[in-house]
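Colleague: sequence first, predicted coordinates after that:
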Amino acid sequence: MYDVIIRGGHVVDGTGEPRRLADIGITGDRITSIGELADAEAGRVIDATGRIVGPGFIDVHTHVDAQVFWDTTVSPSPLHGVTTVIAGNCGFSVQPLSDDPADGEYLMKMLSRVEGMPLRSLREGVPWNWVSTSDYLDAVDGTTSINTAFKVGHSAVRRVVMGADATRREATDDEIAAMCALVRAGLTAGAIGFSSSWSSTHNDTEQNMVPSRYATRSELIALCAVLADFPGTSLEFIPKIGPFDDEVAQLMADMAVAANAPLNWNVLTVHPKTLDDAFAKLGTSDIAEARGARVVGLTAPMSLDFRMSFESGFLLDAVPGWEEPMLLPHDDKVALLGDPERRAELGEIAGGQHAMRHFTNWAKMTIFHTVALQNARYLGRNIGEIADELGKTPWDALCDIALADDLLTSFGHPSTDEPDDVWAARLQVWRDHRAVIGASDAGAHLDMFFSADYATKMLGEAVVKRKMLPLEEAIHLLTAVQADLYMLKDRGRIVEGAYADLVVFDEQRISSNPMEMRADLPAGAARLYAEPNGIDRVLCNGVEIVHENQFTAARPGIVLRAGTHTG
């Protein structure tokens, strides 16, 4: 007798092979039979007639490290079919900590700045009562709806070892050795890898780069080398914004070789105009491959609709010449934008040719959120049109609106129904073995963009609407590829003996709804959110966690630990 039988569904097993009509028998947390089970008995039978049954989606790039404490459903990712998430990316884990409360306070402020998590929510919704990585993993284990895995973050480790000096100078040999010991302790406890960042967008609230950006090449390689003693671990790294040079390619190859582990870098967005650059970046993988190592690019399968503000300055600080202005204290930033001469200088820089030009094309942007009563008339309107109406340049119009809102104006490019050639360009990258689909950033940038729906958006747009690739291939690209990259045991495919992480959905309706704001964070803060269409049920470890777009009370998720759940 089975605990659960999923009967009558079309099984798309994650291997890329054609679908087949089959029943799935589940005993405990495992799939124990696939085939004709009409006469079998079960404690519960799920009717999947006319539905697809696929492996749960695996999201390899999230920042749910804090969210798991205030939202054990890890919403809305499971609603979109995700059954496993990997967090602790970009060097921004919340473990380890030290006995000094200042270190936890620093991490909270850093996360609020670089990952868009409301500081009041971090203070109210997270206990911050652990020190070691082991303590943190134990606190999360068995509390969530889905499986979680966590990396040890470089910035957290550097802060514990160096304190405030982590954002002032290079580390000494003894300090690097102490950092390596913390990484080793974290991996011993079951952390799934190590992450770091040299991204120019990563700056803290104290007008400094985040700790990992002060690391030398030798420090980074030393920390990566710790992973060589821990099979089943992985690296994640953000090298830079813009085109990669030979130095970046050699660095990532050296990191992967030192760790004897795969490295995925973040993030690759694809458009027909940038396709050549995308393949040039993917070409850095060839250098690592020639040395017996693996480096892959993490690609977002859809456009990210960014909502920026001068108050946060995030992303805008990656514009050449804008890093220092965007790191200014609030009042100094107000003074800068209010000074005609300095404003003009900043606008001239932004209007030049640079890799971030898409994010400074003010005339094409839309106003998403305002504060001041006189600005309400600009909501949802194009900045270029507003500028014409006011007789100003788009840059001046945006600055004046933002100053009236005390810099809280939210603006960016609106969502569009992208043409087929954009999706066709992405498809070329999805099919490249040097790329992996993900980049949801779930749990982060909560008021800036939303992409936790990447799987349903990809399926809805590329498979259902445009019929550009078979469903079987798409599911493979969302499940088995990620499981193989992170060496997850018995996940990512529907085979006998695998864990019963499953999603049951209508292949004609699967898609994502538009974004909305939802004020459900601790301390009353709000976040961007979207619900799916077409997903009937989601099971994690054999237990139903989503039923017709509603969460059940079950929390069967576990912490996936290196060496135990990876191989």
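Modeller: That came through, no problem.

Colleague: quick one: the helices in the stretch 451-567 of the chain?
Modeller: Per DSSP state H, counting those that start in this stretch, the stretch 451-567 of the chain carries helices over the ranges 454-458, 471-478, 480-485.

Colleague: contacting residues for the closest residue to residue 193 other than its chain neighbours?
Modeller: Take residue 193 and drop its neighbours on the chain: the residue closest to it by C-beta to C-beta, 6 or more residues apart in numbering is residue 234, 4.0 Å away. For glycine as for every other residue, the C-beta is placed from the backbone atoms N, C-alpha and C. When contacts are counted by C-beta atoms under 8 Å, 6 or more residues apart in numbering, residue 234 touches 151, 192-193, 227, 261-264, 485-487.

Colleague: rerun at 6 Å
Modeller: 193, 261-262, 486 (C-beta atoms under 6 Å, 6 or more residues apart in numbering).

Colleague: considering the residues you listed, which possesses the most neighbours?
Modeller: Within the contacts of residue 234, residue 193 tops the neighbour count with 30 neighbours, counted by other C-beta atoms under 10 Å.

Colleague: which residue is nearest the middle of the protein?
Modeller: residue 441 (2.1 Å; C-alpha atoms, centre = their mean).

Colleague: distance of it from residue 421?
Modeller: Distance of residue 441 to residue 421, given as C-beta to C-beta, to the nearest Å: 26 Å.

Colleague: repeat that for residue 76.
Modeller: Residue 76 is 30 Å from residue 421, where distance means C-beta to C-beta.

Colleague: these two touch, right, residue 536 and residue 503?
Modeller: No - contact criterion C-beta atoms under 6 Å: residue 536 and residue 503 do not qualify, at 8.6 Å.

Colleague: name the residue in those two with the higher neighbour count.
Modeller: Ranked by neighbour count (other C-beta under 10 Å), residue 536 and residue 503 place residue 503 first, with 30 against 20.

Colleague: show me what that one is bridged to.
Modeller: Taking DSSP bridges as the rule, residue 503 bridges to residue 54, residue 538.

Colleague: give me the buried positions along the helix ranked longest in the chain.
Modeller: The residue-count maximum for a helix in the chain (DSSP state H) belongs to helix 173-189. Neighbour counts over helix 173-189 (16 or more other C-beta atoms under 10 Å) mark 175-176, 178-180, 182-187, 189 as buried.

Colleague: what's in contact with the helix or strand of the chain with the lowest mean pLDDT?
Modeller: Least confident element among the helices and strands of the chain, by mean pLDDT, DSSP states H and E: strand 516-518 (a mean of 82). In this structure, residues lying in contact with strand 516-518 by C-beta under 6 Å, 6+ apart are 526, 529.

Colleague: walk me through which strands that strand pairs with, and which way each runs.
Modeller: Applying DSSP bridges, one finds strand 516-518 paired with strand 527-529 (antiparallel).

Colleague: now do the partner strand, average pLDDT.
Modeller: For strand 527-529, the mean per-residue pLDDT is 90.

Colleague: can you list contacts of that strand?
Modeller: 76, 446, 450, 515-516, 518, 521.

Colleague: out of the residues you listed, which is nearest to residue 357?
Modeller: Using C-beta to C-beta, residue 450 is the member of the contacts of strand 527-529 that sits closest to residue 357, with 23.6 Å.

Colleague: one step back: reformat the buried residues of helix 173-189 as a markdown table; add pLDDT and distance to residue 471.
Modeller: Below are the buried residues of helix 173-189 laid out as a markdown table (pLDDT from 0 to 100; distance: C-beta to C-beta, whole Å):
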| residue | pLDDT | distance to residue 471 |
| --- | --- | --- |
| 175 | 98 | 51 |
| 176 | 98 | 48 |
| 178 | 98 | 50 |
| 179 | 98 | 45 |
| 180 | 98 | 45 |
| 182 | 98 | 44 |
| 183 | 98 | 40 |
| 184 | 98 | 43 |
| 185 | 98 | 43 |
| 186 | 98 | 38 |
| 187 | 98 | 37 |
| 189 | 98 | 39 |
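
Colleague: residue 474: which of those is nearest?
Modeller: Of all the buried residues of helix 173-189, residue 187 has the smallest distance to residue 474: 33.2 Å, by C-beta to C-beta.

Colleague: and the nearest residue to that closest one once chain neighbours are set aside, how far is that from residue 236?
Modeller: Nearest residue to residue 187, sequence neighbours excluded (C-beta to C-beta, 6+ apart): residue 230, at 4.5 Å. As defined by C-beta to C-beta, residue 230 lies at a distance of 15 Å from residue 236.

Colleague: kindly report the same for residue 325.
Modeller: To residue 236, residue 325 is 29 Å away according to C-beta to C-beta.

Colleague: the more surrounded of the two?
Modeller: residue 236 (25 against 20).

Colleague: that's a helix at that one, yeah?
Modeller: No - assessed by DSSP: H, G, I helix; E, B strand; the rest coil, residue 236 does not belong to a helix; its assignment is strand.

Colleague: which SS class is the closest residue to it other than its chain neighbours?
Modeller: The shortest distance from residue 236 to any non-neighbouring residue, by C-beta to C-beta, 6+ apart, is to residue 195 (4.2 Å). Three-state call for residue 195 (three-state DSSP): strand.

Colleague: hmm, back to that, now distance to residue 56 and neighbour count too, for the contacts of strand 527-529, in TSV please.
Modeller: What follows is these, written out as TSV (distance: C-beta to C-beta, whole Å; neighbours: other C-beta atoms under 10 Å):
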residue	distance to residue 56	neighbour count
76	14	23
446	24	24
450	20	26
515	23	18
516	25	12
518	24	15
521	25	20
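
Colleague: which one of these is nearest to residue 564?
Modeller: residue 76 (28.3 Å).

Colleague: roughly how far apart are the closest one and residue 94?
Modeller: 21 Å.

Colleague: show me the contacts for residue 267.
Modeller: Going by C-beta under 6 Å, 6+ apart, residue 267 touches 298, 300, 439.

Colleague: just checking, the second one touches residue 438?
Modeller: No - Residue 300 lies out of contact with residue 438 (C-beta under 6 Å); the separation is 7.6 Å.

Colleague: okay, the two: which has more neighbours?
Modeller: Using other C-beta under 10 Å, the more surrounded residue of residue 300 and residue 438 is residue 438, with 30 against 23.

Colleague: who's in contact with the more buried one?
Modeller: Here residue 438 is in contact with 60-61, 298 (criterion: C-beta under 6 Å, 6+ apart).

Colleague: next: residue 356.
Modeller: Applying C-beta under 6 Å, 6+ apart, we find residue 356 in contact with 318-319.

Colleague: go on, residue 94?
Modeller: Neighbouring residues of residue 94 by C-beta under 6 Å, 6+ apart: residue 65.

Colleague: tell me if it really is in a helix.
Modeller: No - the assignment for residue 94 is coil, going by three-state DSSP, so no helix is present there.

Colleague: quick one: residue 463 and residue 470 touch, right?
Modeller: No - counting by C-beta under 6 Å, residue 470 is not a contact partner of residue 463; they are 7.6 Å apart.
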